[in-house]
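J.: pasting a predicted model and its sequence here:
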Amino acid sequence: MAVKIGVIGGSGLYDIPGLTNVRKRAVVTPFGEPSDEIVSGVLGETPIFFLPRHGRGHRFTPTEVPYRANIYALKSLGVTHVISFSACGSLKEDIKPGELVVLDQFFDRTRHRADTFFGGGIVAHVSFADPVCPTLARLLYDTALSLKIPAHWKGTYVCMEGPQFSTRAESKIYRSLGIDIIGMTNVTEARLAREAELHFATVALVTDYDCWRYEGADVDITDILQVMKENAAHARQLLATAAPRIGEAGGCGCASALANAIITERSAIPQGREAELRLLIEKYIK
């Protein structure tokens, strides 16, 4: 299958310079409309599909983001790989604002959002022990090193609900657990991408030290926005260099994550749910 890359851009990353044959696509899914129109184009020779996570103009809180529609829409356009760029806070002294982390693990603290395509008469249990594609993640990290972008290999991301930032007590507890990064979006995307059998990796763009490090001042949104601009430039550079090489990635099980995961008997699946999920499950229930 030809590689098609979906790019989910978070705060500060809304466009991809260098795209040719650009067009906007309005997509409707069984889970509603995605955050915004999907911008498609070609970067070099690689098809790219860009989706602003919070919508253009930043209209959706982390809880309100239509995650299922976003991932389903990318899948429906033939996307095979998803790179998620996301602003985050650091919980470690040596992970500094302006640096990036190619993550390998998540700790989920969300509580108000839908994070599975299944339910309503069909049950599936995918493996999520290793929640990102190892080959895609490694390629992104190696590319960052080649570009001399300050990057960290592997890390754990705690996903809080938001939209408020952490209390100081929460921040210190997460640090005591050995967690590296804190954010509000990525674990939900990772869960859904696994169910959609997409190769998924997260590049966490560090904007601040959360509130654990500050004695007299808390996280300041003005400072964060300035670092975001710098991080966005790194993200664009990383994507432009990595995209042509993503076809080299392989050797993982992402594209067959549902192979043994659907538990419900075929005859018991409601017709309406089968129709909604046909894009994801058809090859397993014929």
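T.: Good, I have the coordinates. Numbering: from 1, shown residues only.
J.: for residue 262, which residues make a bridge with it?
T.: For residue 262, the beta-bridge partners are residue 124 (DSSP bridges).
J.: residues in contact with it?
T.: Neighbouring residues of residue 262 by C-beta atoms under 8 Å, 6 or more residues apart in numbering: 122-124, 281, 284-285. Glycine gets a C-beta too; all of them are placed from N, C-alpha and C.
J.: could the residues you listed go into TSV alongside distance to residue 240?
T.: Listed next are these as TSV, based on distance: C-beta to C-beta, whole Å:
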residue	distance to residue 240
122	40
123	41
124	36
281	35
284	36
285	39
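J.: most neighbours among those residues, which one is it?
T.: Greatest neighbour count in the contacts of residue 262, by other C-beta atoms under 10 Å, goes to residue 281: 23 neighbours.
J.: show the pLDDT at it.
T.: Reported pLDDT at residue 281 in the predicted model: 97.
J.: that one contacts residue 257, doesn't it?
T.: No - with contact defined as C-beta atoms under 8 Å, residue 281 does not count as touching residue 257 (11.6 Å).
J.: in the stretch 151-286 of the chain, which spans are strands?
T.: In the stretch 151-286 of the chain, the segments counted as strands under DSSP state E, counting those that start in this stretch are 151-153, 156-159, 181-183, 199-208.
J.: packing partners for the second one?
T.: The reference is to strand 156-159. The helices and strands touching strand 156-159, judged by 3 or more C-beta pairs under 8 Å, 6 or more residues apart in numbering; DSSP states H and E, are strand 105-108, strand 181-183, helix 186-195.
J.: right, and these - which one's nearest residue 265?
T.: Residue 265 lies closest, by C-beta to C-beta, to one member of the helices and strands packed on strand 156-159: helix 186-195, at 19.1 Å.
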